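J.: Got a predicted structure plus its sequence, pasted below:
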Amino acid sequence: MQTIYICPKCKAPLVIEERCARCAAGHSYDRAKEGYYNLLLTNVGGTHGDNKEMILSRRAFLDAGYYAPLSDALNEAVLRTLPKGGAVLDGGAGEGYYTGRLAEALEKAERAAEIYSFDISKEAVRRLAKRRGDLHPAVAGVYDMPVASGSVDALLNFFAPFAREECLRVLKKGGRLFMAVPEREHLYGLKRVLYESPYYNEVSEEIPDGFSLEESVEIREEIEITEPSHIRALFEMTPYAYRTGKKGRDALLALSSLKTPIHFRLFLYKKI
Ligand SMILES: [Zn+2]
């Protein structure tokens, strides 16, 4: 089977066989029992990316649907712009919440597409592979993508580090980058509990070199979380989990419900 993945060692195309992916030079990568390929050369015994607790928290929170408006906005934008049979790549897919829902939306609209998804965390990819084994799950990093140059029509960058040059390299000319960022009021209700003087987020409107801005979609809703385990999960998946003192943390975890805006911006950039 053909794939946009390339050999991380020699950059030659990979061919997917039954139990492994292999390049012409004979480098081969075993298929894990969950159905993903480990294409990360440096991952020898170490742990990259998010840990198991963070992944489980994030999955519980996302699967409860609180961020569905962002996911819906992405799906709508991809449906509107993806060429027939186009290649979609989610670099930093986590456990596959956004990519999985995108695949469902494309299927529902009977739109042919080939979706590839990778993440640097093996724990996350294991769950991604169980959720959607058909989305070519792989362990890989965004700074050295095992992906052929000029092979991608739609590239997702959802809360993953942004490696501009790699993104430009893998995209086709005219291909699109879908980038989600937290907007000004995102999680302000959460921050009000955590901090005495909460602050708004700053959003950069700077267009990355090599791209033109095609669209920018604002997503803002009020959510109410009435399940304490979801409040904890939300907290654990934000950077505030590292930055908050005991007082703020205790106050938040004692709540039985939390109201907060969710506020994102989805940028659609086109490779020029
Ligand atoms: Zn090779």
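T.: Ah, there it is.
J.: My guess is Lys34 contacts Arg126. True?
T.: Check again: residue 34 is Glu, not Lys. Yes. Using CB atoms under 8 Å, Glu34 is in contact with Arg126, at 5.2 Å. (Glycine included, C-beta is placed from N, CA and C.)
J.: Comparing these two, which residue is more hemmed in?
T.: When Glu34 and Arg126 are compared for neighbours, Arg126 comes out ahead with 21 against 14, by other CB atoms under 10 Å.
J.: in the helix or strand in which Arg126 is found, what's buried?
T.: Using DSSP states H and E, Arg126 maps to helix 122-131. For helix 122-131, a neighbour-count test (16 or more other CB atoms under 10 Å) marks 122-129, 131 as buried.
J.: What of stretch 18-38?
T.: Neighbour-count burial for stretch 18-38, counted by 16+ other CB under 10 Å, picks out 21-23, 28-29, 31-32, 35-38.
J.: restrict these to those near the ion?
T.: The subset of the buried residues of stretch 18-38 within reach of the ion, by CB under 5 Å from the ion, is Cys23.
J.: will you turn the buried residues of stretch 18-38 into TSV that also has pLDDT and secondary structure?
T.: Output for the buried residues of stretch 18-38, formatted as TSV (pLDDT from 0 to 100; DSSP: H, G, I helix; E, B strand; the rest coil):
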residue	pLDDT	secondary structure
Ala21	95	strand
Arg22	95	strand
Cys23	96	coil
Ser28	95	strand
Tyr29	95	strand
Arg31	93	strand
Ala32	95	coil
Gly35	94	coil
Tyr36	96	coil
Tyr37	95	strand
Asn38	94	strand
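J.: residues in this protein within reach of the ion, list them.
T.: That would be 7, 9-10, 12, 23, 25, 27, which are the residues of the chain within reach of the ion (CB under 5 Å from the ion).
J.: Helices of the stretch 1-150 of the chain, residue ranges please.
T.: 52-63, 68-81, 97-108, 122-131 (DSSP state H, counting those that start in this stretch).
J.: Run the angle between the longest one and helix 52-63 for me.
T.: Angular relation of helix 68-81 and helix 52-63 on a 0 to 180 degree scale: 70 degrees, by axes from the mean of the first three to the mean of the last three CA atoms, to 10 degrees.
J.: got the buried residues for helix 68-81?
T.: Buried residues in helix 68-81, counted by 16+ other CB under 10 Å: 68, 70-71, 73-75, 77-78, 81.
J.: what's the closest of those residues to the ion?
T.: Val78 (31.3 Å; CB to the ion).
J.: residues in contact with the closest one?
T.: 88, 102, 105-106, 154, 178 (CB atoms under 8 Å, 6 or more residues apart in numbering).
J.: Mind checking which of the residues you listed are buried?
T.: Looks like those have 88, 102, 105-106, 154, 178 buried, using 16+ other CB under 10 Å.
J.: what's the farthest-apart pair in the buried residues of stretch 18-38?
T.: The largest separation in the buried residues of stretch 18-38, counting by CB to CB, is between Cys23 and Gly35 at 19.8 Å.
J.: Touching, Arg169 and Ser149? I think so.
T.: Yes. Counting by CB under 8 Å, Arg169 touches Ser149, with 5.2 Å between them.
J.: the strands in the chain, which residues?
T.: Under the criterion DSSP state E, the chain carries strands at the ranges 15-16, 20-22, 28-30, 37-38, 86-91, 113-119, 137-139, 152-158, 171-182, 211-225, 258-271.
J.: Most tightly packed of the ones you listed?
T.: strand 137-139 (a mean of 28; mean count of other CB atoms under 10 Å).
J.: What mean pLDDT does that strand get?
T.: Average pLDDT, strand 137-139: 96.
J.: what mean pLDDT does stretch 74-81 have?
T.: The model assigns stretch 74-81 a mean pLDDT of 98.
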